[in-house]
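Asker: Output the structure for:
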Amino acid sequence: MIIVVGGIKGGSGKTTVATNLTVMRSLVKDVLLIDADDQESASDFTILRNEQQPTGAGYTSIRLSGAAVRTETKRLVNKYEEIVIDTGGRDTASQRAALTIASVLLVPFVPRSFDVWTLEKVSELVGEMRTVNPKLKAYAFINRADPAGRDNEEAAEIIRETAELEFIDCPLGSRKAFSNAAAKGLGVVEHKPTDPKAVNEMNALYQYLFSTKEISD
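Answerer: The predicted model follows:
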């Protein structure tokens, strides 16, 4: 399975999601993490992880951009059990190249007006990509969810009504545990002291992606 964590709005936590999923999945699979984001945050995380962990990152990480995201990923796909691609927060050639070969597009949305307003553009992008990759599945979920109020549910309702995207009810809260873990080159499930809410949320998203038959097929 090739999972692309993407979208067209920066600041929604795509790299946090991509790196956490990679760390968790690498415990049971041989995983390749592709950093296709110009900011190179996933690569920085992996460098830090390799420095901090006695056994290294536990997965392979490379940087690709532009058309190479498609050509090199196709060349490497049989060498790894699963691939996660972090494409950043813009509609780039790298992201479009990734979507031509992806199994799943996973789009985190922050429950704020400027993020929700991009949904239609994301929907249009998915529609375009499905003309060349008809099997592409696209899922959106709430990231950096508010602890209270109606913003989360209002954003969820808008996602549910957006063509081309399927809503996943696996929100990740706005929790310091994610940034604290990343600063040490760790996934949130590895970080001590444990934040049970952050771990449970990340586990729920992970289980949905890797235990749902329709996605895994």
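
Asker: which other helices and strands contact the longest strand along the chain?
Answerer: In the chain, taking DSSP state E as the definition, the longest strand is strand 137-145. Contact partners of strand 137-145 among helices and strands, from 3 or more C-beta pairs under 8 Å, 6 or more residues apart in numbering; DSSP states H and E: strand 104-109, helix 119-129, helix 151-160, strand 166-167, strand 172-173, helix 213-216. Placement of C-beta: from N, CA and C, glycine included.

Asker: Which neighbouring elements make contact with the helix ranked longest in the chain?
Answerer: For the chain, the helix with the greatest residue count under DSSP state H is helix 196-211. With contacts taken as 3+ C-beta pairs under 8 Å, 6+ apart, helix 196-211 sits against helix 14-25, strand 172-173, helix 176-182, helix 213-216.

Asker: Using CSV, list the CA coordinates for it.
Answerer: Coordinates of each C-alpha in helix 196-211 appear next as CSV, following Å, rounded to 0.1, in the frame of the first residue of the first chain:
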residue,chain,number,x,y,z
PRO,A,196,-2.9,8.3,26.9
LYS,A,197,-5.3,10.5,24.9
ALA,A,198,-2.7,11.2,22.2
VAL,A,199,-1.7,7.5,22.0
ASN,A,200,-5.3,6.4,21.8
GLU,A,201,-6.1,8.9,19.0
MET,A,202,-3.1,7.9,17.0
ASN,A,203,-3.9,4.2,17.5
ALA,A,204,-7.5,4.7,16.3
LEU,A,205,-6.3,6.4,13.1
TYR,A,206,-3.6,3.6,12.6
GLN,A,207,-6.2,0.9,13.1
TYR,A,208,-8.6,2.4,10.7
LEU,A,209,-6.0,2.7,7.9
PHE,A,210,-4.4,-0.7,8.4
SER,A,211,-7.3,-2.8,9.6
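
Asker: which helices and strands sit right next to the strand or helix carrying residue 45?
Answerer: Here residue 45, judged by DSSP states H and E, is contained in helix 41-52. Helix 41-52 makes packing contacts with helix 14-25, strand 31-35, strand 60-63 when contacts are defined by 3+ C-beta pairs under 8 Å, 6+ apart.

Asker: Compare the ones you listed and give me the one nearest residue 98.
Answerer: strand 31-35 (7.8 Å; C-beta to C-beta).

Asker: tell me the average confidence for the closest one?
Answerer: Strand 31-35 carries an average pLDDT of 98.

Asker: strands paired with that strand, and their directions?
Answerer: Strand 31-35 sits in its sheet next to strand 60-63 (parallel), strand 82-86 (parallel), going by DSSP bridges.

Asker: neighbours of residue 150, just the number please.
Answerer: 10 (other C-beta atoms under 10 Å).

Asker: so how far is residue 117 from it?
Answerer: Per C-beta to C-beta, to the nearest Å, residue 150 is found 17 Å from residue 117.
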